[in-house]
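A.B. asks: coordinates only, no sequence provided:
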Ligand code: SF4
């Protein structure tokens, strides 16, 4: 699947396109198919997002998994500071990115 | 032709079309020349007395060669119009002026108020250039004007 | 320490207003991200993996107690309670909101700090020797010269859109503690036979994709022409540096392609011209700056001995203190490399504590080192034990300076959007693996970068590690034999790369070869230089 991601213009938070708006949680991302660039251009012009781009991902049992490790780290947070990640209570959360 | 949006000179603008640095050497009647980033501004130095307008092109704002070209011409004594053209943006204006540019013809028109504010932002300068502003060190040591 | 006068203060205040206006224009849509990006970068604001990152300049690595405490307060108020000290002697915050950035700059300006030119294709923050003013081997304190360069380079009208970033370092001793020859311009302040001060210019060094050791292009530029000479070096670069390929745009490529002699010839010609332009600040300005770096009120007649009865303390003293030029004082380096920790990170509380300790024990001064540690430059021996106890209680008492656990590591793929692989987890594993043996292994500078940009100085590590991307999987190359001191050399890649556990094993094999072959007092680097790569390769891949 194709996923659209970027950062929130004001806060810098990592965000994912949900079909209606932007979420911090990659699980809520939708497949943008062929429309990624178009949505990106529109949302960029509306200043809802900064530097949006389309990436590859897959639906797995554990939810949506971006294809590249860099995007998985973006989706989780720094693996060396899981306390600041989106899964602060899961000490094994870092394994997901590998 | 792009409009000149800011001009800090009292004389009449030159109407002549600017020729390239290469062509300029042969066209002994040309009074306006256009410098591209790869051109050597020093090629013009022997002809400064007959030049009334130098346009320096910034195809992309990040290509800073035109800043050196401008200062080199001013340091060589050029007193004619020095115009920045192309991808000239609000936040470059103050730097450009300090390098000797005295007119600006941005390919995309700039917000006038933003541009004025940006040009007026810094009350002092650390480094002297040909613009004659006294650098901070000169004021600290009572030198008055720069140089 | 240098104190701003009203002129300096006006400049940073104007910068706050400037950036506030730029942020407003970005948020209201007057400028696009493409236009805003270079503006925010020239103010040290990056968009990183998880958020905006703000890099704050620490000119030549020197901080006062009040400045350090403000850095701690900013970490709490605008970030997530910590900061990261970098190999450029700066500090970075990883979780900044764009909307907050102007307020942060205002807070910084209130303690004479800023983020000017901490990124972008301009002259960056100038680095220096972290022991400046405290150590006996310097010709003079190099910082006044670095301050002169700071002022000259700030908002330089001609050199703010260079082909690429531009880094300068100034030192004044033969023992190079600032990796001077790995900078775009490295300046060593020297004295000639007549006793006059001058600046030796080393131009075209750097790490990154094509590491190069800078050649000396002029051994003695009179000190009252140093700025003019710098301007000449920069002008030749701005005009002729390559702009067609980002990876060939640093000055090292220009110097290499032109050849040192031709580059020097062009600089000298430009220099002769610029000498007629009156751009050099008068010596009176240098004197004005120098006065502010005058010695603090050192006490005399102090005891010069230490009570070493506490073995942990004695170990720390042996590792983390240096001889001061004044009897009765020592130079203290606080390691930000606890076993298993994140190199260069410090919590807001730790940052404030170090600020307080600087006030109580070190004449209100601290330094950031390019090895991502903090220095208290002037500590009385008589107070050292008390200081160490306070540091130790705050997790800042690690005794490992220049040992294998004192790892330089860039943020890598945990934070950096350019990274290929994570650096920090590798550093953590290595420091844990070797914690019990690091004294036995002795001096060993290990440096890790998460990509070819080499922010972690891997080329200059006795052992260097470079993270690469092998088909989407993190992979690590091993380099041996780099050094950044007076004997600067670049490391050599051992061979095929490793995964995360494999690289830790490979480092262990390399240290085993060293220990088995070590003669006398040899350091790892000395043994490597004597016996060469072959035995290491054999042990690692054989
Ligand atoms: S070396 Fe690469 S990964 Fe590390 S901080 Fe620099 S750019 Fe980022």
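C.D. replies: Perfect, thanks for sending it. This structure is a prediction, so every number in the text was calculated from the model and none was measured.
A.B. asks: so how far is residue A:56 from the closest residue in space to residue A:59 that isn't next to it in sequence?
C.D. replies: Among residues not flanking residue A:59 along the chain, residue A:1 sits closest, at 6.5 Å (C-beta to C-beta, 6 or more residues apart in numbering or on different chains). Quick note: C-beta positions are derived from backbone N, CA and C, even for glycine. According to C-beta to C-beta, to the nearest Å, residue A:1 and residue A:56 sit 7 Å apart.
A.B. asks: between those two, which one's more packed in?
C.D. replies: Neighbour count, other C-beta atoms under 10 Å in any protein chain shown: between residue A:1 and residue A:56, residue A:1 has more, with 16 against 12.
A.B. asks: wait, the more buried one sits on residue A:55?
C.D. replies: No - using C-beta atoms under 8 Å as the test, residue A:1 is too far from residue A:55 to be in contact (9.7 Å).
A.B. asks: where do the strands sit along chain B?
C.D. replies: Here chain B has its strands, by DSSP state E, at B:6-7, B:19-20, B:32-35, B:53-58, B:81-86, B:103-106.
A.B. asks: tell me what the third one is packed against?
C.D. replies: When contacts are defined as 3 or more C-beta pairs under 8 Å, 6 or more residues apart in numbering or on different chains; DSSP states H and E, strand B:32-35 packs onto strand B:19-20, helix B:21-26, strand B:53-58.
A.B. asks: please redo it, this time with the cut-off set to 6 Å
C.D. replies: Packed against strand B:32-35 by the contact rule (3 or more C-beta pairs under 6 Å, 6 or more residues apart in numbering or on different chains; DSSP states H and E) you find strand B:53-58.
A.B. asks: same check, this time on the last one
C.D. replies: Using 3+ C-beta pairs under 6 Å, 6+ apart as the contact test, the elements touching strand B:103-106 are strand B:81-86.
A.B. asks: what does the strand it packs on contact?
C.D. replies: Contact with strand B:81-86 is made by B:9, B:53-59, B:70, B:96, B:100-105, B:107, as judged by C-beta atoms under 6 Å, 6 or more residues apart in numbering or on different chains.
A.B. asks: weakest of the strands of chain B in terms of mean pLDDT?
C.D. replies: Note on those: lowest mean pLDDT is at strand B:19-20, with a mean of 93.
A.B. asks: that one: how far from the chain's middle?
C.D. replies: Here the centre of strand B:19-20 is set off from its chain's centre by 17 Å, with C-alpha atoms, centre = their mean, to the nearest Å.
A.B. asks: also stretch B:97-110?
C.D. replies: Relative to the centre of its chain, stretch B:97-110 is centred 7 Å away, using C-alpha atoms, centre = their mean.
A.B. asks: now swap in stretch B:2-9 and tell me
C.D. replies: So, by C-alpha atoms, centre = their mean, the centroid of stretch B:2-9 is 11 Å from its chain's centroid.
A.B. asks: and chain C, is the longest helix seen in chain A touching that?
C.D. replies: Identified as the longest helix of chain A according to DSSP state H is helix A:36-45. No - shown here: helix A:36-45 not in contact with chain C (C-beta under 6 Å from any C-beta of the partner chain), separated by at least 7.3 Å.
A.B. asks: contacting residues around that helix?
C.D. replies: Contacts with helix A:36-45, where a contact means C-beta under 6 Å, 6+ apart, come from A:2, A:4, A:49, A:52, A:54.
A.B. asks: among these, name the buried ones.
C.D. replies: Neighbour counting by 16 or more other C-beta atoms under 10 Å in any protein chain shown classes A:2, A:4, A:49, A:52, A:54 among those as buried.
A.B. asks: helix, strand or coil for the last one?
C.D. replies: In this case it means residue A:54. Of the three states, residue A:54 takes strand according to DSSP: H, G, I helix; E, B strand; the rest coil.
A.B. asks: that one contacts residue A:5, doesn't it?
C.D. replies: No - using C-beta atoms under 6 Å, residue A:54 is not in contact with residue A:5, being 7.9 Å away.
A.B. asks: contact partners for the residue most central in space within chain B?
C.D. replies: In chain B, the centroid-proximal residue (C-alpha atoms, centre = their mean) is residue B:101; its distance is 2.1 Å. Residues in contact with residue B:101 (C-beta under 6 Å, 6+ apart) are B:70, B:82, B:84.
A.B. asks: how about a cut-off of 8 Å?
C.D. replies: By C-beta atoms under 8 Å, 6 or more residues apart in numbering or on different chains, the contact list for residue B:101 reads B:56, B:70, B:82, B:83, B:84.
A.B. asks: burial count for residue C:452?
C.D. replies: Residues near residue C:452, counting by other C-beta under 10 Å, number 17.
A.B. asks: and the gap between it and residue C:199?
C.D. replies: For residue C:452, the distance to residue C:199 - C-beta to C-beta - is 31 Å.
A.B. asks: could you tell me how many residues sit around residue B:2?
C.D. replies: 13.
A.B. asks: for chain C, what are the nearby residues on chain A?
C.D. replies: Counting by C-beta under 8 Å from any C-beta of the partner chain, the residues of chain A lying close to chain C are A:7, A:9-14, A:44, A:47, A:50-51, A:67-70, A:73-74, A:77-81, A:84.
A.B. asks: for chain A, what is the nearest residue in the stretch 301-450 of chain C?
C.D. replies: Going by C-beta to the nearest C-beta, chain A is nearest to residue C:414 of the stretch 301-450 of chain C, at 4.1 Å.
A.B. asks: go ahead and confirm residue C:314 touches residue C:308.
C.D. replies: Yes - using C-beta under 8 Å, residue C:314 makes contact with residue C:308 at a distance of 4.1 Å.
A.B. asks: regarding the closest residue to residue C:48 other than its chain neighbours, what is its secondary structure?
C.D. replies: Spatially, and ignoring its direct neighbours in sequence, residue C:48 is nearest to residue C:417 (5.3 Å; C-beta to C-beta, 6+ apart). Following three-state DSSP, residue C:417 is assigned to coil.
A.B. asks: before we move on, the earlier item: tell me the contacts of the residue nearest to residue A:59?
C.D. replies: A:31, A:56, A:57, A:58, A:59, A:64.
A.B. asks: on the three-state scheme, residue C:189 is what?
C.D. replies: The local conformation at residue C:189, judged by three-state DSSP, is strand.
A.B. asks: isn't it up against residue C:172?
C.D. replies: Yes - counting by C-beta under 8 Å, residue C:189 touches residue C:172, with 4.0 Å between them.
A.B. asks: mutual contacts of those two, please.
C.D. replies: C:139, C:140, C:142, C:145.
A.B. asks: what's the longest helix in chain B?
C.D. replies: helix B:65-75.
A.B. asks: pull the distance from that helix to the chain's centre.
C.D. replies: Counting by C-alpha atoms, centre = their mean, helix B:65-75 is centred 7 Å from the centre of its parent chain.
A.B. asks: ok, the residue nearest to residue C:369 when sequence neighbours are not counted - contacts?
C.D. replies: Once its chain neighbours are removed from consideration, residue C:369 has its nearest residue in residue C:130; the separation is 4.2 Å (C-beta to C-beta, 6+ apart). Contact analysis of residue C:130 by C-beta under 8 Å, 6+ apart lists C:61, C:89, C:177, C:178, C:333, C:367, C:368, C:369, C:370, C:375.
A.B. asks: and the last one, what pLDDT?
C.D. replies: Pointing back at residue C:375 there. According to the prediction, residue C:375 has pLDDT 98.
A.B. asks: does it touch residue C:330 like I think?
C.D. replies: No - Residue C:375 is beyond contact range of residue C:330, at 10.9 Å (criterion: C-beta under 8 Å).
A.B. asks: dump the residue contacts of the residue of chain C found nearest chain B.
C.D. replies: As assessed by C-beta to the nearest C-beta, chain B sits closest to residue C:161 within chain C, at 2.8 Å. For residue C:161, the contact set (C-beta under 8 Å, 6+ apart) comprises B:61, B:62, B:63, B:64, B:67, B:92, C:121, C:122.
A.B. asks: helix, strand or coil for the closest residue in space to the second one that isn't next to it in sequence?
C.D. replies: In space, not counting the residues next to it along the chain, residue B:62 is nearest to residue C:161; the distance is 5.6 Å by C-beta to C-beta, 6+ apart. Reducing the assignment to helix, strand or coil with three-state DSSP, the entry for residue C:161 is coil.
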